[in-house]
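1. Following is a predicted model, sequence given first.
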Amino acid sequence: MSYEDMKKNLQDEMKKWEEGPLAKTLARAPERREEFTTSSEMVVNPVYTPLDIEEEKYMDELGLPGQYPYTRGVYPTMYRGRFWTMRQYAGMADAAESNKRYRYLLEQGQTGLSVAFDLPTQIGYDSNHSLSNGEVGKVGVAIDTLADMELLFDNIPLDKVSTSMTINAPAAVLLAMYIAVAEKQGVSVEQISGTIQNDVLKEYIARGTYIYPPEQSMRLITDIFEYCSQNVPKWNTISISGYHIREAGSTAAQEVAFTLADAIAYVEAAIESGLEIDQFASRLSFFFNSHLNFIEEIAKFRAARRLWAKIVKERFNAKKENSMRLRFHTQTGGSTLTAQQPDNNIIRVTLQALAAVLGGTQSLHTNSKDEALALPTEESVRIALRTQQIIAHESGVADTADPFAGSYYLEALTDQIEAEAIKYIEKIDDLGGAVKAIEHGYIQQEIADSAYKYQMGVESGDNIVVGVNKFEAEEESPKNLLRIDDAVETRQIDRLNKVKEERDNEAVKKALAELKEAAEGTDNLMPYILDAVKAYATLGEISDVMRDVFGEYKPAEIL
Amino acid sequence: MSERKIRILVAKPGLDGHDRGAKVVARALRDAGMEVIYTGLRQTPEQIVRAAVQEDVQFIGLSCLSGAHNHLFPKVTQLLKENDAEDIIVFGGGVIPSDDIPFLKDNGIKEIFGPGTSTDRIITFINSLCNE
């Protein structure tokens, strides 16, 4: 039987089945819902068959692992070569305490570091700034000067680990500090590897740690692209993030769409600044969320990979294969964790982590069960890491590339998410690109609408959250939560004052004056920032110089 | 109480950028017929109290997920007192360990709504205080 005949035959059989057994069953017992949908409001059919996929397009749309359009993974051997990097996002209090947590995680078998900074650091304020009061060391580690960074990586050889830093508006400063620490350790900059998040557009959209207006932020970002392409070749210069867009309430399809729209804006800015696409595109990396609609999440990762490959090739005319490979980190969905019955979160995280692995992630953070309540304890972080290790070593899903490919449902959803994302990207193009769409509040409004709709669904009982609006239980309030002592703030400020006393203040003044002049002109700012950092200028001092020249971003408030 | 609509300020004190909860609550209160003013991110307690007095609100809803609630929430109630505006009722939400709730209530925060709270519960809370 030919392929066409087979399809025709299947169509007839489907019709018979729908009118016969399906109709009969439905007449006797209706389904649980009138309509089943995914998080992206895609209607889910009762069954999927070869009629839902276009097998004749296999090589164009799926291909083989490591081959364009990379739907089946970015590398030929995927996890048969080596597992994803197990990278737990961590950081709290001060550099000394975080250094202890990192060394603990490395001893437990973690394979890369991921640094969480506190909010003052992320917004470019020193620990003694009035707005830092109460926030020092709370959601991550406080870094004021190079001295803190030296302590943070004490006894951690930077040529042996790769480090991801969740830092955006002040990314250039923290990268400069990392480079300076490497040099002090005797490690050359060509050897260091890691990632800075450096994705300011999603800060305006969803995460909130912006400092400067878009145009000036884009300049800093492209300065980093250029500097690293010449000096720090193994560094991922940006991690274009859908994670926070999803946490803010977007659907899976919106997560792909808005992330890639941001990515397009960065590429266009870099090209405009004079870079060639193949000069920097291979150092772009991505960061996605993993939520609970299991098959939809796997489809999302595959759709993102395929769509980005097409955009880089067709829209930006890249020639190098590495430019087209969408490599990504995944974190399980923080907003899906519940404060109620926190042990249930271990199961949620397992499903989300499994989806990320089946989706071909390059690195993974698994959330800890207590994170709806506080920063995680050491014990709960260990369970989260063990979850990844069990998936890697015991489940067998890592033994072949893209094992769920060919599932009719998965392939149909992959196509649908890609199509929905393309629609959004076209709309954003019409608005003049991601920066304009953000300034108009379009992206924020779409996300806020989805978030509100989801919450109303929870309240009507349409969306079930186990332990929250169904299967509730009386429980005692949890004990043993991690607490950041308020003494951390005092200690950190003392440390900052001491560094300021001991440094060469004339050298600091000179470095900051030169940075100011460069910021007013068009030079690449990285070398100036590096000089200032090495003179032990503080993060706040460096950020203030740029605040003076660049101004600050004022958001439009969208409800 | 008069027929005047309930006026409420939803505010994000401190540096925390998580505003999904604050926005969803603000919208739900608005849909429930209240007049809602949302401050946006990164507000100091001083800015929040100034806005509350200027806007003549009856309630302030504070949201904080960064762990700085013990510093920021009591500062708001203290400043209200200093501005002779302690009749404004303050409630809060966010990532707040239950052990912290007694301290916050002792400092004039009327109620704390943790993760998983339905917007209905918040609306009921506000309406019940207005009908007292």
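-> Sure, I can see it. Numbering: from 1, shown residues only, chains lettered A, B, ... in the order given.
2. Could you give the secondary structure assignment for the nearest residue to residue A:455 once chain neighbours are set aside?
-> Nearest-residue entry for residue A:455: residue B:24, 4.9 Å, with adjacent residues in sequence omitted and distances by CB to CB, 6 or more residues apart in numbering or on different chains. (Each C-beta comes from the backbone N, C-alpha and C, glycine too.) State at residue B:24, reduced to three classes by DSSP: H, G, I helix; E, B strand; the rest coil: helix.
3. the longest strand in chain A is where?
-> Determined from DSSP state E, the single longest strand within chain A is strand A:284-290.
4. Heading C-terminal from that strand, find the next helix or strand.
-> The element immediately downstream of strand A:284-290 (helix or strand, assigned by DSSP states H and E) is helix A:294-310.
5. Can I get that next one as CSV, trimmed to CA atoms?
-> Only the C-alpha atoms of helix A:294-310 are listed here, as CSV (Å, rounded to 0.1, in the frame of the first residue of the first chain):
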residue,chain,number,x,y,z
PHE,A,294,4.1,17.4,30.0
ILE,A,295,3.8,16.8,26.3
GLU,A,296,3.2,20.5,25.5
GLU,A,297,6.5,21.3,27.3
ILE,A,298,8.5,18.8,25.3
ALA,A,299,6.9,20.2,22.2
LYS,A,300,7.8,23.7,23.2
PHE,A,301,11.5,23.0,23.4
ARG,A,302,11.5,21.3,20.1
ALA,A,303,9.5,24.1,18.4
ALA,A,304,11.8,26.8,19.8
ARG,A,305,14.9,24.9,18.5
ARG,A,306,13.4,24.5,15.0
LEU,A,307,12.0,28.0,14.7
TRP,A,308,15.3,29.7,15.9
ALA,A,309,17.3,27.7,13.4
LYS,A,310,15.0,28.8,10.6
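6. helices and strands around it, which ones?
-> Packed against helix A:294-310, as judged by 3 or more CB pairs under 8 Å, 6 or more residues apart in numbering or on different chains; DSSP states H and E, are the following elements: helix A:252-272, strand A:284-290, strand A:328-332, helix A:344-358, helix A:408-430.
7. buried set for the longest one?
-> For helix A:408-430, the neighbour count (16 or more other CB atoms under 10 Å in any protein chain shown) marks A:409-418, A:420-422, A:424-425, A:428 as buried.
8. Figure out how far it is from the centre of its chain.
-> Counting by CA atoms, centre = their mean, to the nearest Å, helix A:408-430 is centred 20 Å from the centre of its parent chain.
9. ok now the strand or helix carrying residue A:17, how far from the chain's centre?
-> With secondary structure defined by DSSP H and E, residue A:17 is part of helix A:3-17. With CA atoms, centre = their mean as the basis, helix A:3-17 stands 43 Å off its chain's centre.
10. And for the residue nearest to residue A:455, the neighbour number?
-> Residues within reach of residue B:24, counting by other CB atoms under 10 Å in any protein chain shown, total 20.
11. what sits up against stretch A:289-296?
-> For stretch A:289-296, the external contacting residues (CB atoms under 8 Å, 6 or more residues apart in numbering or on different chains) are A:38-40, A:42, A:242-243, A:246-247, A:252, A:255, A:297, A:330-333, A:336, A:348, A:351-356, A:359, A:404, A:407, A:409-410, A:413, A:417.
12. again, only this time at 6 Å
-> A:38-39, A:243, A:246, A:252, A:297, A:330, A:332-333, A:336, A:351-352, A:355-356, A:409-410, A:413 (CB atoms under 6 Å, 6 or more residues apart in numbering or on different chains).
13. Give the phi and psi angles for residue A:240, as a check.
-> In this entry, residue A:240 is assigned phi and psi values of phi -80, psi 120 (degrees, to the nearest 10).
14. Excluding chain neighbours, give the residue nearest to it in space.
-> Spatial nearest neighbour of residue A:240, excluding adjacent residues (CB to CB, 6+ apart): residue A:263 at 4.6 Å.
15. and the one you found, how many neighbours?
-> By other CB under 10 Å, the residues close to residue A:263 number 26.
16. ok so residue A:60 is a helix residue?
-> Yes - counting by three-state DSSP, residue A:60 is located in a helix.
17. could you measure the closest residue to it other than its chain neighbours against chain B, distance?
-> For residue A:60, the nearest residue in space outside its immediate sequence neighbours is residue A:69; the separation is 7.6 Å by CB to CB, 6+ apart. Residue A:69 sits 33 Å away from chain B when distances are taken as CB to the nearest CB, to the nearest Å.
18. Can you say which helix or strand has residue A:69 in it?
-> Applying DSSP H and E as the criterion places residue A:69 outside every helix and strand.
19. Run through the residues that contact it.
-> Residues A:306, A:309-310 are the ones in contact with residue A:69 under the rule CB under 6 Å, 6+ apart.
20. how many other residues sit next to the residue nearest to residue B:117 when sequence neighbours are not counted?
-> Among residues not flanking residue B:117 along the chain, residue B:93 sits closest, at 6.7 Å (CB to CB, 6+ apart). The criterion is other CB under 10 Å. On that basis, residue B:93 has 22 neighbouring residues.
21. which other helices and strands contact the host helix or strand of residue B:93?
-> Counting by DSSP H and E, the element that carries residue B:93 is strand B:89-94. Taking 3 or more CB pairs under 6 Å, 6 or more residues apart in numbering or on different chains; DSSP states H and E as the contact definition, the neighbouring helices and strands of strand B:89-94 are strand B:59-64, strand B:109-113.
22. any idea which helix or strand comes after that strand?
-> Helices and strands here follow DSSP H and E; after strand B:89-94, the next one along the chain is helix B:101-106.
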